[in-house]
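*Asks:* fold the following for me, if possible:
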Amino acid sequence: MEKSALQIARAAYQPKLPKGLQGNVIVKEGAPTQSVADQEEIKKLFPNTYGMPLIEFVQGEAKEYAQTNVGVILSGGQAPGGHNVICGLFDALKRLNPANKLYGFILGPGGLVDHNYKELTADIIDEYRNTGGFDMIGSGRTKLEKEEQFEKGLEILRELDIKAVVIIGGDDSNTNACVLAEYYAAKNYGVQVIGCPKTIDGDLKNEQIETSFGFDTACKTYAEVIGNIQRDANSARKYWHFIKLMGRSASHIALECALQVQPNICIVSEEVEEKNQTLDDIVTYIAQTVANRAADGNNFGTVLIPEGLIEFIPVMKKLIAELNDLLATPEGAAVEKDEQRAWILSKLSAENKAVYESLPLGVAAQLTLERDPHGNVQVSLIETEKLLSEMVATKLAEWKKEGKYVGKFAPLHHFFGYEGRCAAPSNYDADYCYALGTSAAMLIANGKTGYMAIVQNTTAPAIDWVAGGVPITMMMNMEKRHGEMKPVIKKALVRLDGAPFKTFVANRDKWARETCFVYPGPIQYFGPSEVCDQPTKTLQLEQAK
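*Replies:* Next up is the predicted model:
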């Protein structure tokens with residue numbers, strides 16, 4: 001691999017570990033747990049992995065560990081720090097027993113089923129320390145949910161004498177990990193399954209998981225570019241920038257970026273849903289802000305839009321839910337594309353049919369595009385930023401005729417998504433991920449399965465972080481997927497009563513009227529701790545630090 005100057009310098013960075021993961025590590029078990037909801041249903045589905053205790057790692061007496069081979073899988077979309085999870089896992093396994101081997105399954109869960117793998121040696125690991133991306137072994141979105149997949153995977157696990165598998169992924173991937181752990185436990189196959197919390201979206205978090213890895217780096221990457229755009233806007237003073245940001249099911253990225261850059265407008269999907277706002281309500285709010293700034297002579301600004309917004313507008317949410325059910329049927333899957341609109345209109349309820357017919361043809365078509373492997377609308381393909389700017393332009397034109405608007409409106413569009421998924425991890429993510437990988441190794445060494453590695457207290461210095469594990473079943477509830485009720489990890493949406501959102505609300509009227517832009521600049525890897533090691537604004541506000 002040809003390396004840049006930054007890669008060479010970053011390879012020498014030694015991630016900081018919590019005190020509890022240094023030296024000899026032992027397990028401190030807490031009380032038994034239960035699922036966040038639907039306890040009886042979850043317990044019935046996961047009798048072998050339900051109710052296990054929370055785990056914390058602390059320093060203790062030295063212990064010898066038997067030789068254990070481990071497999072690792074990167075699942076789902078990329079997130080900064082994934083390589084450091086693998087590096088932390090590798091280093092910890094070798095410290096526990098130098099004979100331990102780590103195998104990487106290529107291109108995600110499909111690599112396990114297809115027996116596509118490679119042994120990860122020190123030479124390979126050292127090439128990827130503190131780097132972004134998932135290119136060490138690649139990732140994929142194959143779902144592990146069928147018995148034949150589990151059995152096919154078991155064949156290669158037996159062949160390589162692998163006793164444990166670590167699945168690094170988001171909520172859906174870790175749900176799959178829990179199902180796999182339960183299956184292997186029920187069969188007494190002697191294969192452990194451990195998860196690690198990954199997603200830049202930030203929606204895999206709860207009382208045990210403070211944040212998913214990659215969120216910190218991705219938000220800082222986006223905030224840098226948004227800051228650059230805002231500086232350009234403040235220089236040219238003639239453009240409104242409509243910026244869509246990743247975040248399929250929650251607005252954590254948009255909110256975090258807003259707290260960092262102080263835009264004129266940031267739409268928070270969860271608030272839209274809570275207030276039962278219509279598309280016109282959102283458009284009117286944006287247009288009024290544009291008009292107010294124009295009255296002050298400022299015909300420029302920035303609007304941050306979460307990519308999943310369309311699913312949170314109540315009438316749109318109802319429409320999408322019915323579309324999901326229709327398209328999941330054998331009849332729906334078989335309809336030809338050129339006949340799809342007519343077929344959908346013949347099947348939709350009267351209320352949803354009216355909404356569907358009212359949409360521009362392009363947006364309506366985008367709502368029926370192929371679903372992802374988990375049955376979700378691919379909201380990144382819906383050009384919400386263009387839809388909103390066009391509707392704002394139409395409303396402003398009406399207001400101009402009525403004498404209610406006197407400015408000029410020139411919109412520009414951006415979508416920041418993939419730009420942040422593979423950035424070189426910030427010091428926070430480099431440390432956090434390395435600790436997660438180390439925790440995963442310790443969970444394996446202590447015979448645990450059906451757990452997710454966790455690290456807490458991460459607004460403190462890294463040495464004071466607290467590492468451990470949480471039973472995946474503890475985070476589960478039942479939700480409708482593909483027309484059926486399924487056990488899934490409960491997504492964490494932006495809490496409207498939480499400190500991050502309240503801080504945003506306290507400032508947004510001022511940011512809307514005035515030009516209060518902040519320019520964060522690029523992620524800093526070398527320098528004073530207050531510049532290089534800061535967690536997200538979200539975490540600092542949530543933990544009041």
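
*Asks:* can you give me the neighbour number for the closest residue to Q7 other than its chain neighbours?
*Replies:* Residue nearest to Q7 in three dimensions, not counting chain neighbours: T131, with 6.3 Å by C-beta to C-beta, 6 or more residues apart in numbering. (C-beta placed from N, C-alpha, C; glycine too.) The local packing of T131 (other C-beta atoms under 10 Å) involves 25 other residues.

*Asks:* who are the contact partners of the closest residue to L541 other than its chain neighbours?
*Replies:* Setting aside the residues directly before and after it, L541 is nearest to A499 in space (C-beta to C-beta, 6+ apart), at 4.1 Å. When contacts are counted by C-beta atoms under 8 Å, 6 or more residues apart in numbering, A499 touches 541-542, 544.

*Asks:* same thing with I42?
*Replies:* Going by C-beta under 8 Å, 6+ apart, I42 touches 35, 50, 473, 476-478, 487.

*Asks:* if you set the cut-off to 7 Å instead, what comes out?
*Replies:* 35, 50, 473, 476, 487 (C-beta atoms under 7 Å, 6 or more residues apart in numbering).

*Asks:* please apply the same query to G170.
*Replies:* With contacts defined as C-beta under 7 Å, 6+ apart, G170 is in contact with 76, 198-199, 204.

*Asks:* ok, back up a step: and the residue nearest to Q7, which helix or strand is it part of?
*Replies:* Here T131, judged by DSSP states H and E, is contained in no helix and no strand.

*Asks:* if we can go back for a sec, biggest separation within the contacts of I42, which pair?
*Replies:* Y50 and P487 (10.5 Å; C-beta to C-beta).

*Asks:* mind checking the longest helix of this protein?
*Replies:* helix 215-236 (DSSP state H).

*Asks:* contacts for that one, please.
*Replies:* 80-81, 200, 202, 239, 241, 243, 245, 252-253, 256-257, 260-261, 263, 300-302, 416, 419-421, 423, 425-426, 428-429, 515, 517-523, 535-536.

*Asks:* closest to C433 among the contacts of A499?
*Replies:* E542 (19.9 Å).

*Asks:* state the phi and psi torsions of the nearest residue to the closest one once chain neighbours are set aside.
*Replies:* Residue nearest to E542 in three dimensions, not counting chain neighbours: A499, with 5.8 Å by C-beta to C-beta, 6+ apart. Per-residue torsions, A499: phi -60, psi -40 (degrees, to the nearest 10).

*Asks:* pLDDT score for A499?
*Replies:* Note on A499: pLDDT of 98.

*Asks:* again with N376
*Replies:* Confidence at N376, expressed as pLDDT, is 65.

*Asks:* and what of E370?
*Replies:* On pLDDT, E370 comes in at 75.

*Asks:* wait, is it part of a helix?
*Replies:* No - checked against DSSP: H, G, I helix; E, B strand; the rest coil, E370 lies outside a helix; its state is coil.

*Asks:* residues near it, how many?
*Replies:* Each residue near E370 was counted by other C-beta under 10 Å, and the total is 9.

*Asks:* with adjacent residues omitted, what lies nearest to it?
*Replies:* In space, and not counting its chain neighbours, E370 is closest to Q378: 7.1 Å by C-beta to C-beta, 6+ apart.

*Asks:* I'd like the distance between that neighbour and A334.
*Replies:* As judged by C-beta to C-beta, to the nearest Å, Q378 and A334 stand 20 Å apart.

*Asks:* for the two, indicate the residue with more neighbours.
*Replies:* Taking other C-beta under 10 Å, Q378 and A334 do not tie; Q378 has more neighbours (14 against 8).

*Asks:* strands of the stretch 301-450 of the chain, start to end?
*Replies:* 301-306, 411-416 (DSSP state E, counting those that start in this stretch).

*Asks:* ranking those strands by burial, who's on top?
*Replies:* Stretch with highest mean neighbour count among these: strand 301-306 (a mean of 26; mean count of other C-beta atoms under 10 Å).

*Asks:* distance between that one and the chain's centre?
*Replies:* Per C-alpha atoms, centre = their mean, to the nearest Å, the displacement of strand 301-306 from the mean C-alpha position of its chain is 20 Å.

*Asks:* list of residues touching it?
*Replies:* So strand 301-306 is contacted by 226, 229-230, 233, 240-245, 247, 251, 253-254, 257-258, 263-267, 269, 286, 290, 293, 384-385, 388 (C-beta under 7 Å, 6+ apart).

*Asks:* partner strands of it, with direction?
*Replies:* Paired strands of strand 301-306, with direction, are strand 240-245 (parallel), strand 265-266 (parallel) (DSSP bridges).

*Asks:* now the following helix or strand past the first one against strand 411-416, angle please.
*Replies:* Taking DSSP H and E as the definition, the helix or strand that follows strand 240-245 towards the C-terminus is helix 252-261. The directions of helix 252-261 and strand 411-416 differ by 110 degrees, with axes from the mean of the first three to the mean of the last three C-alpha atoms, to 10 degrees as the criterion.

*Asks:* which strands or helices does helix 252-261 pack on?
*Replies:* Counting contacts by 3 or more C-beta pairs under 7 Å, 6 or more residues apart in numbering; DSSP states H and E, helix 252-261 packs against helix 215-236, strand 240-245, strand 265-266, strand 301-306, helix 499-513, helix 537-542.

*Asks:* among the ones you listed, which is nearest T449?
*Replies:* T449 lies closest, by C-beta to C-beta, to one member of these: helix 215-236, at 26.6 Å.

*Asks:* can you give me the buried ones in that closest one?
*Replies:* 215-227, 229-230, 233 (16 or more other C-beta atoms under 10 Å).

*Asks:* is it fair to say K28 lies in a helix?
*Replies:* No - in this structure, K28 is strand, not part of a helix, as judged by three-state DSSP.

*Asks:* returning to what we had before: now, of the contacts of G170, which are buried?
*Replies:* Judged by 16+ other C-beta under 10 Å, buried ones among the contacts of G170: 76, 198-199, 204.

*Asks:* closest to S439 out of those residues?
*Replies:* Once C-beta to C-beta is applied, the member of these that ends up nearest S439 is K198, at 13.7 Å.

*Asks:* can you give me phi and psi for the closest one?
*Replies:* Dihedral angles (degrees, to the nearest 10) for K198: phi -120, psi 130.

*Asks:* now the worst-scoring helix or strand of the chain on mean pLDDT: buried residues?
*Replies:* Least confident helix or strand, the chain: helix 361-367 with a mean of 82, by mean pLDDT, DSSP states H and E. Of all the residues in helix 361-367, those buried under the rule 16+ other C-beta under 10 Å are 363-364, 366-367.
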